[in-house]
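1. have a look at this fold, sequence not included:
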């Protein structure tokens, strides 16, 4: 790989740290905010330079379309990626709207099977969940996006999770505060959800990527 400038290495480290902490890469706006750039365009210019030097790959059409290339010193052993088009090889169920109180992967929720490339994800996704609403807008997760999810009952602080609260299934950022679970939106128009002791709560999985539906097979 071509040597990086100090600023490029700083951005590469930020990408790696964000992936390790949350399971998905940062958006251009998040990079700009963290590193004090005046605009997301400045972050985009640095990302393109990193791509030219072989440190990352960029996927068109996704706000988080950043992949740490294998062999990069900054790449973790298993690097999650937000996929773009040209997906193949692995077939996973696409889940639409989840009925109240029903399992996420209930047959009636699966709209079709979708081909994805397993190399695009840190861990094999068990399903794609159609995003509803705008509560995670500022994390770059929009209405109609497909969240790639790995089924698990465990998650780290700061990871984006699919959680069941009572009869509802929601996508939020997980935070534990003084032993209590907070489900945090990424949109100031929405209130955080604090899980109470009496609530029926279950973790359905963690986000391992995000797909914009354009070009899915």
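-> Happy to help now that I have it. Computed from a predicted structure; not experimentally measured. Numbers count the residues shown, from 1 in each chain.
2. how about the strands in the protein?
-> 56-58, 66-68, 90-95, 110-116, 127-130, 146-150, 160-165, 168-177, 180-184, 193-194, 201-211 (DSSP state E).
3. dump the ones you listed to a markdown table, plus distance to residue 44 and mean neighbour count.
-> C-beta coordinates here come from the backbone N, C-alpha and C atoms, glycine included. Formatted as a markdown table, those follow (distance: least, Cβ to Cβ, whole Å; neighbours: other Cβ atoms under 10 Å):
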| stretch | distance to residue 44 | mean neighbour count |
| --- | --- | --- |
| strand 56-58 | 9 | 19 |
| strand 66-68 | 11 | 25 |
| strand 90-95 | 30 | 17 |
| strand 110-116 | 26 | 15 |
| strand 127-130 | 27 | 23 |
| strand 146-150 | 23 | 25 |
| strand 160-165 | 23 | 21 |
| strand 168-177 | 24 | 18 |
| strand 180-184 | 27 | 17 |
| strand 193-194 | 33 | 16 |
| strand 201-211 | 18 | 22 |
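4. ok, which of those comes nearest residue 20?
-> When the strands of the chain are compared by Cβ to Cβ, strand 66-68 sits nearest residue 20, at 10.5 Å.
5. neighbouring strands - and their directions - for the closest one?
-> strand 56-58 (antiparallel) (DSSP bridges).
6. and the contacts of the strand it pairs with?
-> 12, 15, 47, 48, 50, 51, 65, 66, 67, 68, 69, 72 (Cβ atoms under 8 Å, 6 or more residues apart in numbering).
7. can you turn the buried part of those into a PyMOL selection?
-> The PyMOL selection below is limited to those of the contacts of strand 56-58 classed as buried (16 or more other Cβ atoms under 10 Å):
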select buried, resi 12+15+47+50+65+66+67+68+72
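8. before we move on, back to that, for the strands of the chain, which one sits closest to residue 37?
-> Once these are compared by Cβ to Cβ, strand 66-68 is nearest, at 15.6 Å.
9. returning to that earlier point: lowest-confidence one in the contacts of strand 56-58?
-> Lowest pLDDT of those: residue 72, 49.
10. any idea how far residue 129 is from residue 170?
-> 11 Å (Cβ to Cβ, to the nearest Å).
11. which neighbours do those two have in common?
-> residue 162.
12. mind showing which ranges of the protein have poor pLDDT?
-> Across the chain, residues meeting the criterion (pLDDT under 70) sit at 1, 60-63, 69-88, 119-120, 122, 214-217.
13. the longest helix that it contains packs against which elements?
-> Longest helix in the chain by number of residues (criterion: DSSP state H): helix 6-22. If you count contacts as 3 or more Cβ pairs under 8 Å, 6 or more residues apart in numbering; DSSP states H and E, helix 6-22 packs onto helix 28-35, helix 40-52, strand 66-68.
14. at 6 Å instead, please
-> Applying 3 or more Cβ pairs under 6 Å, 6 or more residues apart in numbering; DSSP states H and E, we find helix 6-22 packed against no helix or strand.
15. what's the angle from that helix to helix 28-35?
-> 110 degrees (axes from the mean of the first three to the mean of the last three Cα atoms, to 10 degrees).
16. identify the bridge partners of the residue nearest to residue 184 when sequence neighbours are not counted.
-> In this structure, residue 184 finds its nearest non-sequential neighbour in residue 173, 4.4 Å apart by Cβ to Cβ, 6 or more residues apart in numbering. Here residue 173 sits in beta bridges with residue 160, residue 184, as judged by DSSP bridges.
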